[in-house]
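**Q** build me a model:
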Amino acid sequence: MFDSAEIKKLTTVKEAILLLVNTLGAGLSKKRSEVLEVRKEMWREARIVLRDFDDVSDLTIFSEEVARHERDYVETSKQLIRLKKMLGEPYFARIDFTEDGYSPEEIYIGRYSLLDEKTQTYHIYDWRAPIASLYYDYGVGRASFDVPATGATIEGEITLKRQYQIEKGELLYLFDNDLAIDDEILRRELSKSADAHIKTIINTIQAEQNKAIRAQAHTVLVYGPAGSGKTSVGLHRLAYLLYRDRGSLTSAKVRIFSPSPVFASYIAGIIPELGEDDVENLDFPSLIKAKALDRRPFYGLYEQIDYLSSEINDKRKAQIIQKYSPGFLDALEKYIANHRPSFEDVYFNKDKICSGKRLEELYQDRTAASTLKSKTDRTISFVERSYTEYFKAYRHAITELFNSIHGDNFSDHEIRIKFEEEKSIVIRDLKNRLKPRSAKLYDKFLRTQKLRLATTEKLFYEDALMLFYIDILTGQVPPDKTVKHILIDEAQDLSHLHHRILAKLYVASNFTVLADANQALYEGISLYNIEELKALYPTAMEIPLTKSYRSTYEINNFASQFLPSANPAASYMRHGDEPQMIQSSDYIASIMKILPTLPNDYNTVGVLLPTAKEASLIHKRLKRVYPKGNTPRPLQLIASEDSDFAPGVMVMAVPFAKGLEFDAVIAPVTRDNRIMYLICTRALHKLYLLE
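**A** Numbers count the residues shown, from 1 in each chain. Below you'll find the predicted structure:
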């Protein structure tokens, strides 16, 4: 039987939540009516003919009033959703903490805060609150936590640390533990079947993960083995930052860069689940489509991944490695910075408006902020001003010139138009010389490197990326200063080019960088050494994660043979079946034999092949024999940017599985140790390797 005080606490909390739900629910209907009424009133006023500025001002006030009511309605709706979630599991932990010099306090920790309006004390603290870090970082005994807002450190004594399992509002069990978050709860969570989406980990965050989540540094580099929770840590860190910096940071100012669209679907919805508005999830192909000036079609990321995964060894592969190298990028940046167009004197009729030498001096300004665009704009602006001053000084002579040429007497307005036409011809020619297209610059630079731009129907992904980079270097695509924080996942698989693009495009942003050099797949392109990432983010706080939680000990131990640096002792001790090596002359028959033996609650099964071509072939053959109709696990092929991670049997190329996890993995043995390591570490519970 549970302690009566705990039963009373849970009852009190649920009653407080229900009271708020009922109060807000009743108010929500009223707020909705207010929104509709204010909208109707605004449109009634809008139908009146606007007579003067005061009428416009009145409509603006109406519009602001509508926006205020709508924001109030949306915020109340979100609060109701949070409260209804809290009813099922209002809290998951408690610590009794006595701050030095003060009375003991019972601190209950949950997904969201719950304030007692009468006493102005918290029934429940949000897991992101500074005081909640005590639960993640300490056992019973002396403890302290920092308050980021004030810089203060609060010290005291933890006398109780308790964990709860509450489901559907019912207390299932509780227990006290002294040190780390209890193995039993963690083991239960890790033993669960995989979902179509990544899960929150707020009730099982480990001390090293908590350090990364709450790090006060502007930029943080988190690295560790497969399954160490890097993605979860990164997403929870975003939710923490949005909570901590609520006055200055909003979801609209945050971006997530994912390794692939499939991975983006896998992490979709996690930020709202943690109580914040969703964050825009980007990848580089979508960034190019949205911002690049060159609108030619290009092959996507998946085409390049599949190409690099193949055994083709042609000129393109060598050129990709060359183009992504720091030396190539340094040379390109120097070439752009040193670009020198030709300059000539600018004339109107026989009168010199400005000298070519003066234009060259203006263009060659060497301030750090100068780009080809800013140099060009400054030069063009000078020429336009020179024309304006010339027209003012010689209006009469200009009028006589045009009248004599055309044998007519033009009005002042007509003379001005003709002068502007002459000026525009000169300005257009000057712009064409001073501001060359990125493709033209790129083509000229490639020739200096003894390379040529491939003549294909579409641009290759690497060339589309390079043209976009030139757009940024020349200033044609300006820096986006609205973005304040970026999460980069699988950062080891972004080349130097990708990282430079992010640094130059998002100049006002801090970064959370997640990486595992052991999972880098493409030699010469991926970052095989964590030191390279440290050099790219020199101001970052480095936080290593040392323990793997995803796979069973047996799977992790097996995977470690493929990488000398992997350490099986660093895996969490959750035991399961040994990986099975299956002699197979027919992959399809072997797969169909394995699938019925899997537990029914295994929601996700990954059939992983070295390349997309092989995955497509296996899927096509599997489809012929796979059960039709309502099957417990639908069969799908993950082979394009439009694919989503979903429950079922997913057939895909190994590189597309980056960052993903499956209840069971089935895959052929390959000779590539890095591919094998990646295959093994995708499996949560069972691993089948076909020989």
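**Q** alpha carbons only for contacts and neighbour counts from here, please
**A** Noted.
**Q** show the backbone phi and psi for residue 116.
**A** Note on residue 116: its backbone torsions stand at phi -80, psi 110 [degrees, to the nearest 10].
**Q** check which helix or strand covers the closest residue to residue 281 other than its chain neighbours.
**A** Nearest non-adjacent residue to residue 281, counting by Cα to Cα, 6 or more residues apart in numbering: residue 256, 4.7 Å away. Residue 256 is part of strand 254-257 when elements are defined by DSSP states H and E.
**Q** point out the other helices and strands that that strand packs with.
**A** strand 280-282, strand 485-488 (3 or more Cα pairs under 8 Å, 6 or more residues apart in numbering; DSSP states H and E).
**Q** what is the last one packed up against?
**A** With contacts defined as 3+ Cα pairs under 8 Å, 6+ apart, the packing partners of strand 485-488 are helix 230-244, strand 254-257, strand 510-515.
**Q** go again with 6 Å.
**A** Applying 3 or more Cα pairs under 6 Å, 6 or more residues apart in numbering; DSSP states H and E, we find strand 485-488 packed against strand 254-257, strand 510-515.
**Q** could you point out which element follows it?
**A** That would be, after strand 485-488 and using DSSP H and E, helix 496-505.
**Q** let me know whether residue 278 touches residue 268 as I believe.
**A** No. Residue 278 is beyond contact range of residue 268, at 8.5 Å (criterion: Cα atoms under 6 Å).
**Q** next one: the residue most central in space within the chain from residue 278, what distance?
**A** Centroid-nearest residue in the chain: residue 256, 0.8 Å away (criterion: Cα atoms, centre = their mean). Between residue 256 and residue 278 the distance is 10 Å, computed by Cα to Cα, to the nearest Å.
**Q** and for residue 384?
**A** Using Cα to Cα, residue 384 is found at 46 Å from residue 278.
**Q** buried set for stretch 2-22?
**A** Neighbour counts over stretch 2-22 (16 or more other Cα atoms under 10 Å) mark 10, 13-14, 16-18, 20-21 as buried.
**Q** got the CA positions of that stretch in CSV?
**A** C-alpha atoms of stretch 2-22 as CSV (Å, rounded to 0.1, in the frame of the first residue of the first chain):
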residue,chain,number,x,y,z
PHE,A,2,1.3,3.4,-0.9
ASP,A,3,2.0,6.1,1.6
SER,A,4,-1.3,8.0,2.3
ALA,A,5,0.6,11.3,1.9
GLU,A,6,1.5,10.4,-1.6
ILE,A,7,-2.0,9.3,-2.5
LYS,A,8,-3.2,12.7,-1.1
LYS,A,9,-0.6,14.6,-3.1
LEU,A,10,-1.6,12.9,-6.3
THR,A,11,-5.3,13.5,-5.6
THR,A,12,-4.6,17.2,-4.8
VAL,A,13,-2.6,17.7,-8.0
LYS,A,14,-5.3,16.0,-10.2
GLU,A,15,-8.0,18.1,-8.6
ALA,A,16,-6.0,21.3,-9.2
ILE,A,17,-5.4,20.3,-12.9
LEU,A,18,-9.1,19.4,-13.4
LEU,A,19,-10.2,22.8,-11.9
LEU,A,20,-7.9,24.6,-14.3
VAL,A,21,-9.1,22.5,-17.2
ASN,A,22,-12.7,23.3,-16.4
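**Q** which stretches of the stretch 501-650 of the chain form strands?
**A** Secondary structure of the stretch 501-650 of the chain by DSSP state E, counting those that start in this stretch: the strands cover 510-515, 541-544, 580-582, 604-609, 635-638, 648-653.
**Q** closest to residue 689 out of the ones you listed?
**A** strand 580-582 (4.9 Å; Cα to Cα).
**Q** mind listing what the closest one pairs with, with the direction of each?
**A** Sheet pairing for strand 580-582, assigned by DSSP bridges, gives strand 683-690 (parallel).
**Q** so how far is the partner strand from its chain's centroid?
**A** 29 Å (Cα atoms, centre = their mean, to the nearest Å).
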